[in-house]
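**Student:** Sharing a sequence plus its predicted fold:
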Protein chains: 2
Amino acid sequence: MKFLIEKEELLKGLRIVEKITLQRGIQLVLANFLLETKEDEIIFSSTDYDNSVKTSCRASIEKEGKITLPAKKLFDIVSKLPDKPISFELNEEKSAVMVKSGNSKFEIIGISASEFPEIIKEEELKTGEIIKLEVEPIVKAVKKCVYSAASYETRNVISGVFCAIKNNSIEMAATDGNRLSKYTDTLASKEGVDSSVVIPAKSLLELLRIVQITEDKFLEIILNKTKIIYKTDKFILISRLQDGVFPPYNQLIPQNCEKVAVVERQGLIDALERMAIIVDGRTSIVKFNFNENVLTITADSPNEGKGEEILEIEYSAEELDIAFNYKYVLESLKNMEEEKVKIWLSTSLSATVFLPDEQDNYLCLIMPMEVRA
Amino acid sequence: MKFLIEKEELLKGLRIVEKITLQRGIQLVLANFLLETKEDEIIFSSTDYDNSVKTSCRASIEKEGKITLPAKKLFDIVSKLPDKPISFELNEEKSAVMVKSGNSKFEIIGISASEFPEIIKEEELKTGEIIKLEVEPIVKAVKKCVYSAASYETRNVISGVFCAIKNNSIEMAATDGNRLSKYTDTLASKEGVDSSVVIPAKSLLELLRIVQITEDKFLEIILNKTKIIYKTDKFILISRLQDGVFPPYNQLIPQNCEKVAVVERQGLIDALERMAIIVDGRTSIVKFNFNENVLTITADSPNEGKGEEILEIEYSAEELDIAFNYKYVLESLKNMEEEKVKIWLSTSLSATVFLPDEQDNYLCLIMPMEVRA
């Protein structure tokens, strides 16, 4: 293998594959990415078993070949090289690549490409349901939901994000049992079948990371029984789907709202961030008192002190005390952009819904915490 | 105690005292700082036993008093408050302070001021040798030397920085046994005695941190037998001096230089930073080969690979192989500003001196490492 490649192209490829590796597995080769020549291109592939990615870039190939190399190390070296073309030459016998640029020369020891698994099978790309759609609404939906997915148990269905594509709309939802985020959007240019699946959060986060690098505007999704494939001209990402049945979350969302508060979003964020300093670190409990156009927020920490914030709000229902893990409320508020938020209240122990004041395509449901008097 | 204070004034005071506390000591009160009223000012004091600091700011005092409070917690709260005057009111019985600003209210639990030690005694400020000088050359000298002080044993004399003030010049030096930094400068407006002392690195670093906050231009230094006091209108910092005799470092610096290399400083930094990626992490050894106007730098790491950099330099003496801990070389080079550096070489095992090409007031001596063939 011997080729010449532009520094920026190489870095882009390395950034795409770098995070999808298995650094402390028993199969050492999976800590590396696979680098191979194909016609006038270099192909980069990597896998962590649950997710695999493949991307390519143009290069002047002088001699074909392949090898696996440590992506992070190569990235660190290349990013410090001057902005000149970089030459790669494989020494098959030593499984090492000589990387040269200007007066710098590195010999990087890899592992034979023969040990690297076949991560994306051609037939997987050809069988399954195909959906074509824009990247932007997907990115937005993921950002608005993924943080609510359970992080504690990666094989549990609720560590995934529910995603339904139907006609020209997309609905995403995620829940960890204590909170739920749900977002819907329209798809201006969707083509293909309708479908609903549960996608592991990690898969969606990798997709976000990669499309930020590639700047792709459109995406093809291929759904097999057990896998999801995201595909553009620039990359292929393949992930296993989450097993199991996603909880029927729409049933959890209150249909008729008895008490509504309207609050300045940024003011509430600021107040909660101050409460966060004095909150009891073991419980993260912040208490809310809703009363005649006034919201009073309090928190206390034994031996350290307490805090109180008073906010003017719109609220005309009866007085209500309710307590939340402030982190859930903060995360929800920060994922909205609108100036004001609505809070749908019922009782001190009922699911409470936070949503933008004048939009109905996003909501965050948060279960309150029980506070002993 | 009851007073009203401007947010920015309060934050400045808190930033000064915040780092000089004892967070995990047995005397819980030393994790706090002392807040007390004095005429129309608020005094902030804190100590970590080796260093103590006192600063003040204007406030509208309504009622006198004092209390100790957790500086970091108070800083975090205050920095998130809106930019309005902040009121403090002490509840003596609860040892708690009510902090109010706008619609925010915090009760912060402190520890009685009676438990706080007397950290700066009036007589200490009056006895001892006095030196008045500008801040700027001190700051510069500290930055150029302090990183070479030993960090492993805080009670050893070489964890201090040697500082001699004589006539209108200052000389600082620090060494950890493997390297030495020495800097001299003129003092345009020095007044007072001549003296030489060994100052703990931590004391000088705190001085740097504090003058950056206060923006003081001039400084008074008071030297007792065991203590150094830095004093301006805005703060007093008092630190113990280091016991012991500082090594006679001038004897270590080669007087006649047999072989000189002149190298582009930034080029050498870039090359070493690339080598750092491939260097053996256990030894940090980078090898230098000086030959007829060429410097070749190499590093290798078992099982990972190796790197080589070639630099054009000015060098006409005989070929020389020498190895260094690259971190020492990098740190020295980064503390110079000049475009070119000189390297004074002798043998593969001799102390090597790095210095700016056209200045003679700064040098870094580095002991080479022995490399087995």
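**Tutor:** Perfect, thanks for sending it. Residues are numbered from 1 along each chain as shown, chains lettered A, B, ... in the order given.
**Student:** Any idea which helix or strand in chain A has the lowest mean pLDDT?
**Tutor:** Least confident helix or strand of chain A, by mean pLDDT, DSSP states H and E, is helix A:122-126 with a mean of 85.
**Student:** The helix or strand encompassing A:L11 close to chain B?
**Tutor:** Element membership for A:L11 (DSSP states H and E) is helix A:7-18. No - judged by CB under 8 Å from any CB of the partner chain, helix A:7-18 and chain B are separated, with a smallest distance of 13.1 Å. For the C-beta atoms, the positions are set from N, CA and C on the backbone; glycine is no exception.
**Student:** Check which helices and strands that helix is in contact with.
**Tutor:** Helix A:7-18 sits against strand A:32-38, strand A:41-47, strand A:51-58, helix A:71-80, helix A:201-214, with contacts defined as 3 or more CB pairs under 8 Å, 6 or more residues apart in numbering or on different chains; DSSP states H and E.
**Student:** Identify whichever of these lies nearest to chain B.
**Tutor:** Between chain B and these, the shortest gap by CB to the nearest CB is with helix A:71-80, which sits at 4.6 Å.
**Student:** Now do that closest one against helix A:7-18, angle only.
**Tutor:** 160 degrees (axes from the mean of the first three to the mean of the last three CA atoms, to 10 degrees).
**Student:** Find me the pLDDT at the residue nearest to A:P368 when sequence neighbours are not counted, would you?
**Tutor:** The spatial neighbour of A:P368 that comes closest, neighbours along the chain excluded (CB to CB, 6 or more residues apart in numbering or on different chains), is A:I322 at 4.9 Å. On pLDDT, A:I322 comes in at 98.
**Student:** ok, residues contacting the helix holding A:L11?
**Tutor:** For helix A:7-18, contacts defined as CB atoms under 8 Å, 6 or more residues apart in numbering or on different chains pick out A:33, A:42, A:44-46, A:53, A:55-59, A:71-72, A:74-75, A:78-79, A:81, A:83-86, A:101, A:210, A:213-214, A:235.
**Student:** Which residues are in contact with A:L69?
**Tutor:** Contacts of A:L69 (CB under 8 Å, 6+ apart): A:32-33, A:35, A:97, A:108, A:110.
**Student:** Kindly report the same for A:I77.
**Tutor:** Neighbour list for A:I77: A:99, A:106, A:108, B:274, B:277-278, B:307 [criterion: CB under 8 Å, 6+ apart].
**Student:** what separates it from A:L10, distance-wise?
**Tutor:** A:I77 is 10 Å from A:L10, where distance means CB to CB, to the nearest Å.
**Student:** what does A:N335 give?
**Tutor:** Distance, A:N335 to A:L10, using CB to CB: 35 Å.
**Student:** more crowded one of these two?
**Tutor:** Per other CB atoms under 10 Å in any protein chain shown, whichever of A:N335 and A:L10 has more neighbours is A:L10, with 24 against 19.
**Student:** what ranges do the strands span in the stretch 251-373 of chain A?
**Tutor:** A:259-264, A:285-291, A:294-301, A:305-312, A:320-325, A:340-345, A:352-356, A:362-366 (DSSP state E, counting those that start in this stretch).
**Student:** The fifth one - contacts with which helices or strands?
**Tutor:** Counting contacts by 3+ CB pairs under 8 Å, 6+ apart, strand A:320-325 packs against strand A:285-291.
**Student:** Give the buried residues for the strand it packs on.
**Tutor:** A:285-290 (16 or more other CB atoms under 10 Å in any protein chain shown).
**Student:** could I get those as CSV with distance to chain B?
**Tutor:** Formatted as CSV, those follow (distance: CB to the nearest CB, whole Å):
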residue, distance to chain B
A:I285, 17
A:V286, 13
A:K287, 14
A:F288, 15
A:N289, 14
A:F290, 15
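**Student:** now these as a markdown table including pLDDT?
**Tutor:** Output for the buried residues of strand A:285-291, formatted as a markdown table (pLDDT from 0 to 100):
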| residue | pLDDT |
| --- | --- |
| A:I285 | 97 |
| A:V286 | 98 |
| A:K287 | 98 |
| A:F288 | 98 |
| A:N289 | 98 |
| A:F290 | 98 |
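**Student:** what does the stretch 101-250 of chain A have sitting close to chain B?
**Tutor:** With CB under 8 Å from any CB as the criterion, the stretch 101-250 of chain A comes near chain B at residues A:103-109.
**Student:** Would you check how far apart the closest residue in space to A:D194 that isn't next to it in sequence and B:N250 are?
**Tutor:** Among residues not flanking A:D194 along the chain, A:K166 sits closest, at 4.7 Å (CB to CB, 6+ apart). Using CB to CB, we find A:K166 at a distance of 82 Å from B:N250.
**Student:** more neighbours, the two?
**Tutor:** More neighbours surround A:K166 than the other of A:K166 and B:N250, with 14 against 11 (other CB under 10 Å).
**Student:** angle of the helix holding A:L11 against helix A:201-214?
**Tutor:** Helix A:7-18 and helix A:201-214 are oriented at 170 degrees to each other (the same axes, to 10 degrees).
**Student:** For stretch A:13-22, give the mean pLDDT please.
**Tutor:** In this model, stretch A:13-22 has an average pLDDT of 96.
**Student:** surely A:L223 meets A:T127?
**Tutor:** No - proximity of A:L223 to A:T127 does not meet the contact threshold set by CB atoms under 8 Å, at 10.0 Å.
**Student:** Between the two, which is the more surrounded one?
**Tutor:** Taking neighbours as other CB under 10 Å, A:L223 and A:T127 compare with A:L223 leading, 21 against 11.
**Student:** What pLDDT does the model give that one?
**Tutor:** Reading off the model, A:L223 has pLDDT 94.
**Student:** Also the one 10 residues further on?
**Tutor:** A:D233 carries a pLDDT score of 94 in this model.
**Student:** ok, it - contacts?
**Tutor:** A:D216.
**Student:** again with A:A71
**Tutor:** Residues in contact with A:A71, defined by CB under 8 Å, 6+ apart, are A:14, A:17-18, A:21, A:32-33, A:46.
**Student:** again, only this time at 6 Å
**Tutor:** Counting by CB atoms under 6 Å, 6 or more residues apart in numbering or on different chains, A:A71 touches A:14, A:17-18, A:33.
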